[in-house]
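Engineer: Sequence and predicted structure are below.
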Amino acid sequence: MRFFLLLFHKIRLHVRTNPLQMTVFCLGCFICTLAMVMLYGNVMPHMTQETPEKYYRSFDVYLQEPVPIRELDLTDVMNIPYGSAYQVEDIIVNSAIEPGKLDVKASRNDRIFEDYISDAAFVPDGTVPGDQLILSQNTAMHRQTETFELLGKVYFVVGVSTENYITYSDFHDLNLKVDSFRIVLDTKPGRREQNEFTQLLISKFPGCRVKNADYYIAQDRELTAQAVIVMTVLYVLLFLSLAFILYDMLQSGLYVDLIFRLHGATPRRIVQLIVFEQWCILFLFGGLACLTHRVFYENWFAQFNLYTGVVYRVQDYMVIMLTTGLLALCCTMPFAHKIVSKYSYRIKKEATVF
């Protein structure tokens, strides 16, 4: 209890002796944390949904050699008898018409896998007088109802997406060679189910290579690490503008530390006071910044997002406050080390300057 009373009196002393300095420092803490909150929502993979949820329930199978669709038995894959965890939602087959340049895909459900970024879709039969094609943006930029020649046939372009899609029946009629296919399950499997299903696919298609959710999880971890590094560097650069004010605040309080030292306080206890003093200020105004962002997010802050559908949870705000607090503490450590390593005489000598 006595420790917290001393902490309270030290903060109150800063406010009374130099209110302008304290105001600038607190406002700076508020702005730095608010900037990190906004940056967090634009760079962290789980916030930007860099990897949509359906990838975590997908299994990409790369065959050792291309196999014509009529010879590739996918019936067993569509009817896996191992329980609900393996119920298949869709299968997307891929044929490399020109390896590295032109691929054509088809879905058993005649839809595109990339529906989270494109609204392209096949139209009902009879709407267009011929075969339909959803064209890749990389292949050509054609508007709907225009035609495009592919595989020796003229297709009606009914949409534009990131990949070329034809109907599954057309893919089957052309008997295109499948070099890879993607299986999408109804629900996200657990670790055990994921490994079992991967082994099942390897046994059904000898020599194949399977890319499951582990690949995308590893990708997310790499992106998260990169985002954390970017945020750390930017926050340190932002906080450097406050470091001089922080150092001046701690220097001006040396005479108080001297009094504590003369009354028997150990260097460790003094360091604890310094650390908790800064943390109280940082968490108070960091929390205020998070609360401000939360309250005005829908009406104002959401327009600064680079992505749509960014949702902040309480856990996200807690992570931001904890991280920024630890980074700010790093700026305090050099002075804390100075307190621990020097004797009262040296502290008194510096304190008399003020």
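Structural biologist: The structure has been received and is ready for your questions.
Engineer: confidence score at the residue nearest to Glu277 when sequence neighbours are not counted?
Structural biologist: In space, and not counting its chain neighbours, Glu277 is closest to Lys10: 5.5 Å by C-beta to C-beta, 6 or more residues apart in numbering. Every C-beta, even on glycine, is put in place using the N, C-alpha and C of the backbone. According to the prediction, Lys10 has pLDDT 75.
Engineer: before we move on, which element is Lys10 in?
Structural biologist: Lys10 is part of helix 2-17 when elements are defined by DSSP states H and E.
Engineer: what's the following helix or strand after that helix?
Structural biologist: helix 19-43.
Engineer: Would you mind checking the average pLDDT for that next one?
Structural biologist: On average, helix 19-43 scores 88.
Engineer: Kindly report the same for stretch 120-136.
Structural biologist: 84.
Engineer: Double-check Trp279 against Leu329; I have them as touching.
Structural biologist: Yes. Trp279 lies in contact with Leu329 (C-beta atoms under 8 Å); the separation is 7.1 Å.
Engineer: Provide a list of residue ranges in the stretch 101-250 of the chain with pLDDT below threshold.
Structural biologist: 126, 139-145 (pLDDT under 70).
Engineer: coming back round to it: list the buried residues for the helix holding Lys10?
Structural biologist: 6-7, 10-11, 14 (16 or more other C-beta atoms under 10 Å).
Engineer: what does that helix rub up against?
Structural biologist: For helix 2-17, the surrounding residues in contact (C-beta atoms under 8 Å, 6 or more residues apart in numbering) are 21-22, 249, 252-253, 256, 260, 269, 272-273, 276-277, 280-281.
Engineer: swap the cut-off to 6 Å and go again
Structural biologist: 22, 276-277 (C-beta atoms under 6 Å, 6 or more residues apart in numbering).
Engineer: Just list what the lengthiest helix in the chain packs against, helices and strands only.
Structural biologist: Longest helix of the chain, by residue count under DSSP state H: helix 213-252. Identification of packing neighbours for helix 213-252 by 3 or more C-beta pairs under 6 Å, 6 or more residues apart in numbering; DSSP states H and E yields helix 19-43, helix 45-48, helix 314-341.
Engineer: secondary structure class for His172?
Structural biologist: With DSSP: H, G, I helix; E, B strand; the rest coil as the basis, His172 sits in helix.
Engineer: buried stuff in stretch 272-281?
Structural biologist: Here stretch 272-281 shows 272-274, 276-279, 281 as buried, counting by 16+ other C-beta under 10 Å.
Engineer: got it, and stretch 190-208?
Structural biologist: Neighbour counts over stretch 190-208 (16+ other C-beta under 10 Å) mark 193-194, 197-198, 200-201, 205, 208 as buried.
Engineer: from the residues you listed, which ones fall inside strands?
Structural biologist: Among the buried residues of stretch 190-208, no member falls in strands (criterion: DSSP state E).
Engineer: Restricted to helices, list those residues.
Structural biologist: In this view, the buried residues of stretch 190-208 that belong to helices under DSSP H are 193-194, 197-198, 200-201.
Engineer: With distance to Phe239 as extra columns, can I get those in CSV?
Structural biologist: Below are these laid out as CSV (distance: C-beta to C-beta, whole Å):
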residue, distance to Phe239
Glu193, 45
Gln194, 42
Phe197, 47
Thr198, 46
Leu200, 52
Leu201, 50
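Engineer: Would you check that Ala106 makes contact with Ile92?
Structural biologist: No. Ala106 lies out of contact with Ile92 (C-beta atoms under 6 Å); the separation is 7.1 Å.
Engineer: Neighbours of Arg313, how many?
Structural biologist: Using other C-beta atoms under 10 Å, Arg313 has 10 neighbouring residues.
Engineer: what's the closest of the buried residues of helix 2-17 to Leu185?
Structural biologist: Of all those, Leu7 has the smallest distance to Leu185: 54.2 Å, by C-beta to C-beta.
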